[in-house]
Structures are given as structure tokens and as C-alpha cells.
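S.K.: One predicted model, sequence on top.
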Amino acid sequence: MKLHRLNVVALLAGATLACQAQQEPFDIRGTGTNSFLHTEGDTNFFRNGVTASNANFFGSADAATVNNRLGEVVAEGDVIILDHGRMWRGTNAVYNFNTGEVRAGAFKTAEMPFNISGQFMAGDTKNQVYSTADAIVTTDDYANPVYRIHARFITIVPGQYFEAHDATLYLGSVPIFHWFYYHRELNKHPNNFEFEPGYRSSYGAFLLSAFNWYGNSNLDGTIHLDERTRRGVAAGPDLLFYLGDFGQAKFRYYYAHDTDPTADGFLVPHLGENRQRMAFDYESPNATNFSAKIIANYQSDPLIIRDFYESEYRADIEPASFAEVNQLWRNFTMDAMAQPRLVNFFETVERLPDVKLTGLRQEVANSPIYYQSESSIGYFRRDFSDTNNPVETNYSATRADTVQQFTMPETFFNWLNVTPRVGGRFTYYSAVEGVTTPTNAQSRGVFNTGVDFSTKASRVYQNADSSFWDIHELRHIIEPDINYVYVPAPSRAPSELPQFDSELPSLRLLPVEYPDYNSIDSIDKQNFLRLTLRNILQTKRATNIEEFINWAVYTDWNLTPGTNHTFSDLYSDLLFRPRSWLRLDSSFRYDLPDHRWRDSVNSLAITPNKTWSVAFSYRYLMNNDPEFLTAPNQTLPGHNLFGVSMHYRLNENWAIHIAERFEAQNGSLQEQDYTLYRDLRSWTGALTFRVLQGPYQPTDFGVGLTLSLKAFPRIPLGSDSDRPQDPGRVFSPMSTID
């Protein structure tokens with residue numbers, strides 16, 4: 001039966017959230033064959049199981065009595081309230097829906113990550129304040145928790161905080177600590193410590209520790225204090241500022257009194273005992289068309305990040321420093337960047353500043369012609385590393401650049417897309433300041449044109465079905481593309497210009513159209529066709545549409561007479577997914593003129609269930625690749641690198657993770673990582689053994705123990721899983737305390 005005002009069973013145990021939905025209709029019904037409703041005057045009797053529910057709420061009890069005149073509900077038996085993710089469970093409850101007052105006997109509730117139970121509860125659902133007596137608080141999810149706080153009296157404000165009076169912390173049956181008053185916020189993480197003891201040959205015995213401090217709504221922080229017997233003491237804070245409508249900022253500082261900075265075999269300049277790094281990061285909210293970002297990275301030497309922040313170093317070995325603001329309008333964007341040099345051992349192009357106005361592609365006066373532009377002006381200074389290039393001389397100049405382009409996209413025969421383009425570029429350079437490249441003020445003009453031919457065709461094969469390939473219907477999409485580019489010789493060759501934004505070596509083809517091609521100072525004549533063919537096969541699996549195959553092949557056909565090579569390298573990018581849990585990624589680069597492989601990256605990831613997963617990877621890079629050679633007679637070894645990573649859950653309490661990398665080129669097992677996980681009820685533990693064997697350096701081995709409270713994990717869930725998108729990644733808990 002549907003009841004609108006008589007929603008009292010829904011408020012069985014005085015659930016705090018039920019009153020918020022008091023005007024919502026409830027479906028009240030019996031739960032068993034013997035359930036019945038009996039009415040005597042103003043009192044309704046529900047017996048032998050009853051439930052009440054609506055879109056936001058569910059409540060149940062063995063029996064309930066409702067007195068409409070007094071506005072009182074008495075619920076008995078197994079009383080359960082579930083509403084908006086919060087559950088209360090007890091043996092009996094009395095609720096007055098006129099006053100909002102509630103009383104209950106023994107009960108349990110969860111305020112994640114805490115479990116709270118008590119022998120008596122009283123409160124007011126209107127004020128959302130509840131009091132309990134003889135209460136227990138714990139994050140342990142077992143019936144007999146290993147540790148708990150036993151309090152004589154607790155006040156709970158759901159979702160905000162709880163206060164315990166006369167509270168004692170127990171480990172098992174042993175009292176550990178006593179509080180006369182204890183306050184804990186529920187809407188933010190509690191303060192906590194982290195410890196990681198272990199041994200590493202380049203560290204000696206170590207103890208890495210951190211205190212995570214959650215101060216208020218505007219500031220969080222972590223204080224690091226680390227001891228390494230071979231390297232000394234290191235410490236520093238991490239601070240996170242919450243600035244409301246202005247975004248958030250992070251500040252990190254770390255100082256190490258390193259008594260053996262060359263312990264890992266690397267001998268580079270600037271290494272000393274006093275080593276430090278500082279990092280600042282600010283980002284404005286994305287709620288408006290204006291954004292700002294500031295990144296500042298200072299380090300005393302090139303290897304401090306490598307030595308003490310390994311996960312950061314793997315992501316970026318030369319972190320940049322810059323400040324950038326962006327304003328977006330309907331058809332234009334404005335960007336302004338300042339990029340100073342904060343360290344002198346990394347090569348840097350300083351931009352002090354660089355301001356750019358971009359005209360997005362837009363229609364010209366209701367015509368089929370579209371216009372786009374990009375104009376910039378800035379002062380640039382190229383600073384070479386004072387360790388790797390002592391002979392090079394820094395130079396600087398002002399540069400103003402503008403590119404204007406028109407396109408006219410058309411569709412012929414209802415399937416062929418043709419987009420011709422024509423444009424021009426003008427660049428002005430002031431007199432260059434620098435000894436090795438003295439030039440007067442000069443300008444350069446560039447004309448560019450081209451046309452793009454593309455189409456997209458698809459067909460659905462409804463009868464395609466294969467249990468072996470997990471195919472259930474099939475859609476084939478084919479996308480051929482031919483992009484012609486013609487740029488006659490600019491008025492100034494790249495060798496005559498200062499190189500601030502120059503073309504760097506790349507393993508993949510660079511963009512061909514302006515302004516996507518942004519190596520402004522390296523622009524030279526071009527006359528070629530970019531040929532691309534993409535095939536996609538999609539199929540239905542469960543309730544999703546997945547890509548069975550996605551394969552793109554592309555190359556450049558050089559049309560300039562007299563060139564040495566007609567075709568550039570051939571590139572291929574392949575995704576093959578014969579099962580939802582089986583994925584193969586393959587990319588390669590093949591030198592067509594000289595008939596040789598130059599680069600290949602392949603990975604196979606198998607994740608059939610949550611019990612185990614495995615990933616294989618292979619990376620090949622040709623020796624002495626001419627694109628990366630910068631000096632005569634230079635030698636650059638390539639790679640022939642194999643990797644494997646496996647995670648296996650033995651049972652509910654034990655799991656293992658194994659990861660290895662083998663460099664076949666020199667026969668070295670570069671990295672070995674073995675981790676044993678143990679579920680310790682309220683804690684999780686990880687014991688890791690790790691060996692690193694890099695070229696020209698001593699073998700570095702280590703063992704570490706990581707403990708984490710389940711309620712407040714320091715390693716995110718799934719961090720150790722095998723990721724097909726990152727096949728070369730090796731996870732180690734030892735590198736997570738940064």
C-alpha cells in the first residue's frame with residue numbers, strides 16, 4: 001500500500017536521513033507469508049516482517065507499532081535503516097515523527113571509514129545530533145576488532161564529526177592510551193604516520209617516515225623525516241593549499257645532508273653533501289574561460305630527483321619551470337607564458353615572456369571559406385647546459401611571428417572530403433645577442449599551401465559471430481587520408497636564424513599543417529604527401545561496443561626532385577583486442593630506403609579476473625640511430641628490452657607481484673622487483689625485494705617493508721596492477737614514499 005504521511009516505519013530506528021524525504025511516498029509491505037497489518041483506533045500494528053522504501057530510503061524491522069495520535073513509532077527485532085549510503089542497525093527503536101526525537105537500544109552504524117556501535121542511542125533527527133553510551137569506535141571491519149576506542153559517551157554529527165568522552169584506545173584487550181576528550185572529523189582524513197624500514201645498497205639501512213597532517217579546509221600537509229645510514233638525514237614538508245574559487249597550490253621542499261652522494265656510481269658536477277629540491281605548483285579552477293598555471297622546480301644538482309624521488313624522475317628527468325595564463329573567447333584564445341631558467345645544468349629556452357593570440361577556425365562572412373591564425377611575440381634566450389656543452393654560448397633575441405591561413409572544406413559525391421588551404425607566415429628577429437651567432441635584425445617570409453583528401457566508410461556485418469574471437473556482430477570502418485603539403489624555400493634558411501623553437505628528434509611523424517607544426521625556427525621547404533590508412537573493427541561485447549582491431553599505417557611520400565629517399569619511414573600503430581581481458585598494442589617504425597627496423601614498442605596484457613594478471617613488453621631501438629646523433633663519430637646504444645610483470649592473488653590474505661626487465665643487447669637483467677602482500681586484518685603489508693643493474697654503475701639491491709592501515713591506504717587501490725597502456729612500468733612500494 002502507498003502511504004504519504006504515514007511514513008513512520010521508514011523512520012524505524014530514528015534514521016537521520018529519513019526525515020529529509022518525509023514528503024516522499026513510501027511503499028510499505030510485509031516481508032513474509034505470515035506478515036500482516038492490524039489496526040486498532042489510532043494504532044497500526046505491523047507483524048512478522050515489514051519494510052518501507054522509496055527512491056532514497058530503505059528500512060526494515062521484524063515488527064513495528066505506529067500511533068498516529070502520538071506520532072510515535074516503536075520498531076522491534078532486527079531494525080535496519082539504509083539511506084544515502086548510511087546504515088543504522090539495532091534491536092529496537094522509538095521514534096516520534098512530530099518532534100524528531102529518537103531512542104534506540106544496542107545499535108551499529110558506519111561513518112566511513114569508522115564503524116561505531118553502542119548500547120544506547122538518543123538524538124534528534126531535525127538537528128542531526130546523536131548521543132551514544134558505552135560506545136566502541138574502530139576502523140577494523142571484524143566482529144572482534146584488533147584495536148578500538150572504547151568511550152563512556154560519544155556524540156555523533158553524521159558526515160561531520162564525532163566526539164568521545166572518557167575514551168581509551170585498546171590493542172586487543174590491552175589499554176594503550178586514554179583521552180578525556182577526543183574529537184575526530186569525518187569529512188576529511190585524520191592525521192596519520194607512515195613508516196617504511198628497509199635496506200638498499202645505495203642507501204644503507206633506511207627508515208623513511210612521514211606525518212600526514214590535515215589542518216583545516218584551507219591547508220593540508222606532510223612532513224618527511226628520513227634516515228639513511230649511508231647517506232645521512234633528509235627532511236622536508238609538502239603543503240597543499242586550498243584556495244577556494246582561486247584553485248589550489250602545492251609546495252614541496254626536501255633537504256638531504258648526503259654524506260655519500262656518489263654511492264650509486266654516478267660522477268657528475270654539482271654533487272655535494274648539501275642537496276635540496278623545491279617545487280611549487282599552482283593551478284586555477286577550470287570553471288571559467290580563464291585559467292592560470294605556475295610550475296617552479298629548483299634542484300641543487302641534476303640527480304637529486306633520481307636519488308630520492310624515483311617515480312618523479314621516471315616521469316620527467318628535466319622538470320621545467322613556467323607560468324602560463326590562458327583566456328578563451330568564442331573565436332580566439334590568448335596565451336601568455338613566462339619560462340625562466342632556475343637551474344644551470346639543464347638546457348633551457350627562456351621565454352620572458354611569450355604572448356600568443358590564436359584565431360580558431362571560423363567561417364568568413366557566410367562563405368565556404370574558413371580562416372585561422374596564430375600570432376606571437378616574445379623575448380627568448382637559449383641557455384645551454386654548463387655541464388654538457390661548455391663550449392656553446394648562450395644567445396637571445398626578440399621574435400615576432402604571425403601565420404594566417406584560409407581553408408575551404410568541401411564534400412564531393414557525398415563521400416569525398418576535400419580541404420584545400422593556403423597561407424603565409426612572417427617572422428621578425430631582432431639583432432641576436434651572443435658571441436657565436438652574431439646577426440643583425442632580420443625577417444623571414446614563408447608561403448604554404450596544400451590540400452587534404454579524406455573519406456570515411458563503414459559497413460555492419462550483422463551475421464558475424466564467433467565465440468573464439470568473442471565477436472557478436474561486426475562493424476568495419478575504413479578511413480584513408482592523403483594530405484599534400486607544399487612549402488617553397490623560405491626567404492631565410494633555418495641555418496641563418498637563431499634556433500629557439502627548433503625541430504627535435506622524434507620517434508613519430510610530426511604534424512604537417514600550420515599552426516600544428518610549431519617548430520617555428522626550423523621551417524624549411526617541403527613538398528610531400530602524408531599517406532594514412534586506418535582500419536577499425538568494432539564488435540558488441542556484453543553491454544559495450546569494443547574495438548576488436550584499430551590499425552593505422554602512415555608514411556610520407558617525398559615529391560621533391562633529386563632527393564635521396566622517395567619515402568620516409570613506414571609507421572604502424574595497432575590495437576588488437578580479441579577478448580575484453582586480452583589486449584595487444586604494437587607500434588613500429590621501419591626504414592623503407594635502407595630496409596631496417598628503427599623502433600618498435602609492443603605489449604601484451606592479460607587480465608582475465610581479479611585473481612591474476614600478467615603483462616609482457618618488448619622495446620627495440622636501433623643502435624646509432626642517425627636522427628639522434630649530434631656529433632661526428634658519436635655512438636648511441638639502442639635497446640632490445642624485454643619486460644614481464646605479473647600479479648597473483650593467492651587467497652584472501654596473500655598476494656604476490658613480480659616484475660622484471662631484461663636488456664638483451666648487453667645481457668643484463670636491468671630490474672627485478674618481487675613483492676609479497678599480506679592482509680593483516682586492519683592493515684595491509686608489503687615486503688619488497690628489488691635489484692637494479694644499470695650500465696656503468698654498481699648493482700643496487702634493496703628490501704623494504706610497507707605497512708598501511710586499510711581505512712587510510714597510502715598506496716591507491718590497483719596501483720600494482722598490470723597496465724596495458726604503460727607496459728614498461730615496474731611498480732614498487734619502495735618508490736612510493738617520495
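M.R.: Received the coordinates, thanks. The structure presented is a predicted model; accordingly, all values stated were derived computationally and were not measured.
S.K.: gap between R475 and I545?
M.R.: Going from R475 to I545 by Cβ to Cβ, to the nearest Å gives 8 Å. For glycine as for every other residue, the C-beta is placed from the backbone atoms N, C-alpha and C.
S.K.: Overlap in contacts, the two.
M.R.: Contact criterion Cβ atoms under 8 Å, 6 or more residues apart in numbering; residues bridging R475 and I545 by contacting each: 538-539.
S.K.: Between these two, which is the more surrounded one?
M.R.: R475 (18 against 11; other Cβ atoms under 10 Å).
S.K.: ok, the more buried one touching Q462?
M.R.: No - using Cβ atoms under 8 Å, R475 is not in contact with Q462; the gap is 9.6 Å.
S.K.: How much space separates G198 from G232?
M.R.: 16 Å.
S.K.: of those two, who's got more company?
M.R.: Counted by other Cβ under 10 Å, G198 and G232 do not tie: G198 has more neighbours, with 20 against 17.
S.K.: so what's that one up against?
M.R.: G198 neighbours (Cβ under 8 Å, 6+ apart): 205-206, 208, 688, 702-705, 734.
S.K.: Not including adjacent chain positions, what is the nearest residue to it?
M.R.: Closest residue to G198 apart from its sequence neighbours, by Cβ to Cβ, 6 or more residues apart in numbering: G704 at 3.2 Å.
S.K.: Tell me the pLDDT of the one you found.
M.R.: Note for G704: predicted pLDDT of 90.
S.K.: Show me the two of the contacts of G198 that sit farthest apart.
M.R.: A205 and T688 (15.1 Å; Cβ to Cβ).
S.K.: Hmm, F322 and F280 touching each other?
M.R.: No - at 11.4 Å, F280 and F322 do not qualify as touching, with contact defined as Cβ under 8 Å.
S.K.: Spit out the residues that contact these two alike.
M.R.: 294-295.
S.K.: Now do the helices in the protein.
M.R.: 304-308, 310-315 (DSSP state H).
S.K.: from these, which stretch is densest packed?
M.R.: helix 304-308 (a mean of 21; mean count of other Cβ atoms under 10 Å).
S.K.: who's in contact with that helix?
M.R.: With Cβ under 8 Å, 6+ apart, helix 304-308 has contacts from 202, 234, 254, 256, 258, 261, 264, 275-277, 299, 312-313, 317, 319, 738.
S.K.: And those residues, which is closest to W88?
M.R.: Nearest to W88 among these, with distances taken as Cβ to Cβ, is D738, at 40.7 Å.
S.K.: S291 bridge partners, please.
M.R.: Beta bridges link S291 to N326 when assigned by DSSP bridges.
S.K.: I meant V129, not that one.
M.R.: In beta-bridge terms (that is, DSSP bridges), V129 pairs with D124.
S.K.: Report the contact partners of the spatially closest residue to F241 that is not a sequence neighbour.
M.R.: In space, and not counting its chain neighbours, F241 is closest to A249: 4.5 Å by Cβ to Cβ, 6+ apart. A249 makes contact with 240-241, 243, 280-283, 294 under the criterion Cβ under 8 Å, 6+ apart.
S.K.: Format these as JSON lines; extra columns: distance to R306.
M.R.: Formatted as JSON lines, the contacts of A249 follow (distance: Cβ to Cβ, whole Å):
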{"residue": "L240", "distance to R306": "24"}
{"residue": "F241", "distance to R306": "28"}
{"residue": "L243", "distance to R306": "32"}
{"residue": "F280", "distance to R306": "20"}
{"residue": "D281", "distance to R306": "20"}
{"residue": "Y282", "distance to R306": "25"}
{"residue": "E283", "distance to R306": "26"}
{"residue": "I294", "distance to R306": "24"}
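S.K.: biggest separation within those, which pair?
M.R.: Checking the contacts of A249 with Cβ to Cβ, the most distant pair is L240 and I294, at 14.7 Å.
S.K.: Name the residues of stretch 58-70 that are buried.
M.R.: For stretch 58-70, the neighbour count (16 or more other Cβ atoms under 10 Å) marks 58-66 as buried.
S.K.: again, but for stretch 98-118
M.R.: In stretch 98-118, the ones that count as buried by 16+ other Cβ under 10 Å are 100-105, 107, 109, 111, 113-118.
S.K.: who's Q372 bridged to?
M.R.: In beta-bridge terms (that is, DSSP bridges), Q372 pairs with Q405.
S.K.: Would you quantify the distance from it to E324?
M.R.: 21 Å.
S.K.: Counting neighbours, go ahead and name the busier of A205 and T688.
M.R.: The neighbour comparison of A205 against T688 (other Cβ under 10 Å) goes to T688, with 22 against 12.
S.K.: wouldn't the more buried one be in contact with D673 here?
M.R.: Yes - using Cβ under 8 Å, T688 is in contact with D673, at 6.9 Å.
S.K.: rewinding a little: could you check how many residues crowd around the residue nearest to G198?
M.R.: The burial count for G704: 24, using other Cβ under 10 Å.
S.K.: For it, which residues are in contact?
M.R.: If you count contacts by Cβ under 8 Å, 6+ apart, then G704 has 196-200, 687-688, 690, 733-734 around it.
S.K.: between those residues, which is nearest F588?
M.R.: R690 (31.0 Å).
S.K.: contacting residues for G105?
M.R.: Here G105 is in contact with 90-93, 119-121 (Cβ under 8 Å, 6+ apart).
S.K.: how near is it to V79?
M.R.: 9 Å.
S.K.: before we move on, what about S284?
M.R.: 49 Å.
S.K.: now swap in D307 and tell me
M.R.: 58 Å.
S.K.: what about N44, how many residues close to it?
M.R.: 20.
S.K.: Tell me if I'm right that it and N68 touch.
M.R.: Yes - contact criterion Cβ under 8 Å: N44 and N68 qualify, at 7.4 Å.
S.K.: What are the neighbouring residues in contact with the closest residue to Y161 other than its chain neighbours?
M.R.: Closest residue to Y161 in three dimensions, ignoring its sequence neighbours and counting by Cβ to Cβ, 6+ apart: E185, at 5.1 Å. For E185, the contacting residues are 160-161, 214, by Cβ under 8 Å, 6+ apart.
S.K.: Show the buried residues in these.
M.R.: Here, 16+ other Cβ under 10 Å leaves Y214 buried among those.
S.K.: Which members of the contacts of E185 occur in strands, if any?
M.R.: 161, 214 (DSSP state E).
S.K.: So which of the contacts of E185 is the closest to V485?
M.R.: Relative to V485, and with distances defined as Cβ to Cβ, the nearest of the contacts of E185 is Y214, at 55.1 Å.
S.K.: Quick check, pLDDT for the closest one.
M.R.: So, for Y214, pLDDT stands at 76.
S.K.: which residues does it bridge with?
M.R.: D220.
S.K.: Hmm, it is touching T222, no?
M.R.: No - using Cβ under 8 Å, Y214 is not in contact with T222, being 9.8 Å away.
S.K.: got any residues that touch both of the two?
M.R.: Common neighbours of Y214 and T222 (Cβ under 8 Å, 6+ apart) do not exist.
S.K.: so where do the strands sit in the stretch 351-500 of the chain?
M.R.: Along the stretch 351-500 of the chain, counting by DSSP state E, counting those that start in this stretch, strands occupy 370-383, 395-407, 410-412, 416-429, 442-454, 457-466, 471-487.
S.K.: Many thanks, we can stop here.
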